Structure formats: C-alpha cells, structure tokens
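Colleague: I would like the atomic coordinates for the input below:
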Amino acid sequence: MGGNAGNLSFGHWTRVDTWAFISFSMGMFLEAYIFGMSTIATGWVAMPASLRSLLLSWSPLWLIIGIIVSGPLSDKIGRKHVFYITMIMYGIAAIGIVFSDTYYLILLFLAILLFGSGGEMNTIMALSQEIMPTEHRSTTMLLELNFIPLGGVVLAAVSFSTASSSIFYQRFMIAITILIVLIVLIASRRYLPESFLWLASIGREDQAINDAIKYYGREEYLRRTMNKKELEDREDLDKTKHLGLKIFSTLTTAFAGTTGFGLIAYVLGPVFYPGLVALILLVSSVAAFGTGFIGFFGERISRRSMLLWGNVGALVFTIITYVTISSWTRYLIIFWFLVIALNAFVQLGYLAEDTLKSEVWATKSRGTLTAIIRFLGIGLYIPTIYLTASYNLNQYILFNIIVWVIGSAGAIAWFLFGKETGKGIPIEMAD
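Modeller: From the prediction side, this is the model:
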C-alpha cells in the first residue's frame, strides 16, 4: 500500500475486520490473564521463598519460550496455523489447572498455558499489522493491546470473588474463564483470513489474491492492495535501514515496559505486601486499562511521542516514589495514588513500544524479529525477580529507577533519530 496514506478514505471496515478485532483482543486478554496466574498461584500451595521466586519467574520463562518458538514458526507455516496450536494448548491446560493440587502440577499446566499465550500474542501482533485496514491500523493495534490490562483486571476480580472459597473452587473459576474465552476465539477465527502480505512475501501471490477476494470481495481486495500494488511492491522486503537504532530502541523499551510493570504489579505484593497481592494487581491493571483508551486516537498520535512520554513519565514517577517512601509506607492512600500514576505512564509507553516492535520489520521476517525482541525484553525481566528478591524496599524502588532510565534512553533515541510509524502510515512504510 505504498503512497500517501492521506489519500485513503476513512471507511471500509468489514465484518472480517470485526471478527479479527474480537479474535485479537481476546487473545491479548488471555495473555495477561494467564501471565498473572503465577502470582495468584503463590497462595494455592505452601512453598518456601525459593519456590515462590521460581513460580513468579515461571510466567516470563515459559512465555518467552512460546514466543521464540512461535515467531519463526509463524513466518514458516503462516499466522493462522499457529493459532490452531495455541488454542489446543489452552483447552488442555485449562482443564489440567483445575486439578493441579500440587506445586509441580501447577508448574506443568501453567507452562503449557504460558507457552500458548506467548505464541498467541506474538502471532496476533504480526497478523494485526498485516491485515487491518491502513486507516485503522494504529487504532486497532493500540485498542487490542489494551485488552492486556483488562485480562489482569478480570483475573484479580475472579481471585477476589473466590478468595473466601476453597482453593479448588478458585482454580475452577479461573479455568472456566479461560475456556469461555477459548470458545470466543474458536468462533471468531472461523472468519479470520491468512495474511495476504505474508503469502505474497513467500511467493504465493496467487493464493494471496484468492484469499483476499474470498474474505473481502473483489472491490475491497483491490482497495486494500492498492489495485494489487501491495502484492507486487517489494519496498516492504527491505527494512534494513537504521537496524541498530531499531534493535536498541525496541529492546530497551520492551525490557523497561515488562520489568517496570512486572516488578510493581506481580512482584511487589508477594515480596513486600502479601496481603495486598490481588489488590495491587487489580489497581495496576485498572490504571493501565483506563490509560489505554487513548488508542481511540491512534491515527492522530505520534508513535515517537507516545514512546517518549510513557517512558520518561514512568521514570519521573518512580523517582517520586523513591523520594516519598517514608510517606507512602505510612499512608496507603499515597501508595495507591503513586501506583495509579506510575501504571498510567507505563501503559502509555507499553502501547507504543509493543506496536513499534511489530511494525518496523519486513513481513517475511516480522514474526521472527518481533519474537527475538520480545524474547530478550521479557527474558531480561526474569533475573530481576531473583536479583531484587533480597532487596529492601529502598533498594527495590531504586532498581526500578534504573529500569526506567534504560527505557527512557531507548525512547529518547527513537524520538530524536527514529522514523514516525503512526498517524495512518501504511505498514510497509513503517521503517
């Protein structure tokens, strides 16, 4: 879809796009819902501190294994085929988690769920960039990503509502939620096309054309491919410009976004406030979800500015949190204000960096390169859980400042030297 994005009309939202949005949003929802289950599971069985740390690190560990496997796989066999695999894993593991009454069974079925969710989200990020209409690409991606904190909200709500019940009942209700969402995924993906950009990138132009016509109709197919130019133009195949800057900015902001949110939402409670675990997750997720409605203005907002303000804002509020430790440890209302403000900026930066790191690569390698950045960004979060396990509160918050200094460095670099990828710019021009 080379050319000026401003020449495209702002309509042309089809039923296929609606089903795709539902599919992608619910997939994002499950990623966060499953990721947060390790935190809730710390209360399911008795365990020493060392095993608690292992359980908390289980989520990022198996998530990135799913990511690094599914990324290259989606470039090899296609985006839709990966979804078939992840949905089967969801079904098996959700049933298994109900009967996980030992520490090792919890680890087993959580690993399967997390592997699936890692592959699911990575594939969603690639496919959404490739099949959503150009005039809605940024908005849909940002709003889909905003279902991630909603997953945390629902998990916390299910945990709260079952806190006074038996552990078995809590596991049952958590699993039932997964199975309900799985039904929605199965229903919506009946109408989901394969990426015609991916098909064209591997030389299957005829299938790309036939699939596009099948799902969108001939008139909409011609419009979406700029009268087939999109399937013939190889501009998207050469996105090697500023490769070092892309890797630096996407990796540093990915690390900061994952670690900065994770250390507050998932680790702070079990380590320092075990009585507030679910409430911290709930408040953090609600604050992030509320901020995410900025996605409705996705085509008007600069991606570079979002990335900058999100990371620098998170850094500023983490510094404020450090300076005021003596106040918010005595007055919880100050603590909750800081949690809300910090997570609002964290979400702003997260939305920008998650969109950026899936749009600046060529279609034929989008799944793989997105997976590598996500693997490293989330993987670096794992040692921070162990590193900070013995920290006192002052050291813990100071470490978070360092995390946001790293994220801010990447955001500033992209703001100064990177190319604008938002504001209705077609995916193959997002370089």
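Colleague: low-scoring pLDDT stretches of this structure, where are they?
Modeller: 1-11, 221, 224-240, 265-267, 269-271, 429-431 (pLDDT under 70).
Colleague: For it, just list every one of the strands.
Modeller: Taking DSSP state E, the chain contains no strands at all.
Colleague: ok, now how distant is residue 13 from residue 332?
Modeller: For residue 13, the distance to residue 332 (C-beta to C-beta, to the nearest Å) stands at 45 Å. In short, each C-beta sits where N, CA and C put it, glycine included.
Colleague: Likewise for residue 185?
Modeller: Here residue 185 is placed at a distance of 39 Å from residue 332 (C-beta to C-beta).
Colleague: and if you look at residue 76?
Modeller: 51 Å.
Colleague: what about the helices in the stretch 201-350 of the chain?
Modeller: Using DSSP state H, counting those that start in this stretch, the helices of the stretch 201-350 of the chain run over residues 205-216, 218-224, 229-232, 243-262, 268-272, 277-291, 303-323, 325-328, 332-356.
Colleague: for these, which one sits closest to residue 136?
Modeller: helix 218-224 (11.5 Å; C-beta to C-beta).
Colleague: before we move on, the earlier item: more neighbours: residue 185 and residue 332, which one.
Modeller: Neighbour tally, residue 185 and residue 332, criterion other C-beta atoms under 10 Å: the higher count belongs to residue 185, 21 against 11.
Colleague: right, and the more buried one touches residue 27 too?
Modeller: Yes - look at residue 185 against residue 27 with C-beta atoms under 8 Å: they come within range, at 6.5 Å.
Colleague: residues in contact with stretch 357-373?
Modeller: Contacts with stretch 357-373, where a contact means C-beta atoms under 8 Å, 6 or more residues apart in numbering, come from 67-68, 70-75, 79, 122-123, 125-126, 128-130, 141, 195, 197-198, 200-202, 236-239, 246-247, 250-251, 253-254, 374, 421, 427-428, 430-431.
Colleague: where do the helices sit along the stretch 51-200 of the chain?
Modeller: 79-98, 103-131, 137-145, 147-161, 167-188, 196-201.
Colleague: How about the contacts made by residue 286?
Modeller: Counted by C-beta under 8 Å, 6+ apart, residue 286 has contacts 149, 153.
Colleague: again, only this time at 7 Å
Modeller: residue 153 (C-beta atoms under 7 Å, 6 or more residues apart in numbering).
Colleague: can you check residue 87 too?
Modeller: Residues near residue 87 by C-beta under 7 Å, 6+ apart: 182, 185, 186.
Colleague: let's go with 6 Å and repeat that
Modeller: Residue 87 sits next to residue 185 when contact means C-beta atoms under 6 Å, 6 or more residues apart in numbering.
Colleague: do you know how far it is from residue 107?
Modeller: Taking C-beta to C-beta, one finds residue 87 at 22 Å from residue 107.
Colleague: And residue 256, by the same measure?
Modeller: Following C-beta to C-beta, the distance that separates residue 256 from residue 107 is 28 Å.
Colleague: With neighbour numbers in mind, choose between these two.
Modeller: residue 256 (32 against 17).
Colleague: In space, what's closest to that one - neighbours in sequence excluded?
Modeller: Nearest residue to residue 256, sequence neighbours excluded (C-beta to C-beta, 6 or more residues apart in numbering): residue 407, at 2.5 Å.
Colleague: Hmm, residue 253 and that neighbour touching each other?
Modeller: Yes - in this structure, residue 407 is within contact of residue 253 by C-beta atoms under 6 Å, at 5.1 Å.
Colleague: Residue 39 - how many residues pack around it?
Modeller: Using other C-beta under 10 Å, the number of residues around residue 39 comes to 25.
Colleague: With residue 291 instead?
Modeller: The burial count for residue 291: 21, using other C-beta under 10 Å.
Colleague: same thing with the one 3 residues further on?
Modeller: The tally of other residues near residue 294 (other C-beta under 10 Å) stands at 18.
Colleague: go on, residue 244?
Modeller: Neighbour count of residue 244, defined by other C-beta under 10 Å: 7.
Colleague: measure it to residue 417 for me?
Modeller: Residue 244 is 10 Å from residue 417, by C-beta to C-beta.
Colleague: And the helices of the stretch 51-200 of the chain: which comes nearest residue 22?
Modeller: Taking these one by one with C-beta to C-beta, helix 167-188 is closest: 4.6 Å.
Colleague: for the closest one, which positions count as buried?
Modeller: By neighbour count with 16 or more other C-beta atoms under 10 Å, helix 167-188 contains the buried residues 170, 171, 172, 174, 175, 177, 178, 181, 182, 184, 185, 188.
Colleague: Hmm, residue 97 and the fifth one touching each other?
Modeller: Think residue 175. Yes - applying C-beta under 6 Å as the test, residue 175 and residue 97 come out as touching, 5.0 Å apart.
Colleague: Alright, calling it a day.
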